[in-house]
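Q: take this sequence and fold it.
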Amino acid sequence: MSNQNETNALPPKTCSIERLVTLQEDVEKVLAGQKTATRRNGRYADVGEVMTLQNRQYVVERVYSQALGELTDEDAKQEGYTTVEEYKQSILSIHPGMPWLPKMRVWVHEFRLIQD
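A: Model prediction:
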């Protein structure tokens, strides 16, 4: 396990790792290596937890809080998008009526494929 202190400082999970990546489009991006992080309004995983997608395993390497206003194009690329604006439009289409508030905080879950 990496950096146990970081994990201890996190609040309890609000959901399970099985719900971390569920949209087919996102699953395909992860499997293709285009998506290495996902942002959620709650904490879905601990560092070191393993997510399985189509018999491939991904380990969660970092979990941290981030404000939407702090997002960069690099962050959007982790999510499988070219720019923050493209990512934002995708999120707003998935969650109709959700405001995009720069101060709103989300939980970032960064993961990588576990090689056989």
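Q: and the top helix by length along the chain, what does it pack onto?
A: Determined from DSSP state H, the single longest helix within the chain is helix 84-94. Contact here means 3 or more C-beta pairs under 8 Å, 6 or more residues apart in numbering; DSSP states H and E; on that basis helix 84-94 packs against helix 73-78. C-beta: built from backbone N, CA, C; applies to glycine.
Q: from the chain's centroid, how far away is the helix it packs on?
A: The chain centroid and the centroid of helix 73-78 are separated by 11 Å under C-alpha atoms, centre = their mean, to the nearest Å.
Q: contacting residues around that helix?
A: 35-37, 66, 82-84, 86-87, 108, 110 (C-beta atoms under 8 Å, 6 or more residues apart in numbering).
Q: is there a quick PyMOL command that grabs whichever of the residues you listed are buried?
A: In PyMOL, this line selects whichever of those come out buried by 16 or more other C-beta atoms under 10 Å:
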select buried, resi 35+36+37+84+87+108
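Q: so what touches the strand ranked longest in the chain?
A: For the chain, the longest strand by residue count, based on DSSP state E, is strand 56-67. Contact with strand 56-67 is made by 2, 6-7, 10, 17, 30-31, 39, 43, 45-52, 75, 102-114, as judged by C-beta under 8 Å, 6+ apart.
Q: quick one: classify the most centrally placed residue in the chain as helix, strand or coil.
A: Centroid check for the chain by C-alpha atoms, centre = their mean gives Thr38 as the closest residue, at 1.5 Å. With DSSP: H, G, I helix; E, B strand; the rest coil as the basis, the three-state label of Thr38 is strand.
Q: may I have the beta-bridge partners of it?
A: Beta-bridge pairing of Thr38 under DSSP bridges involves His109.
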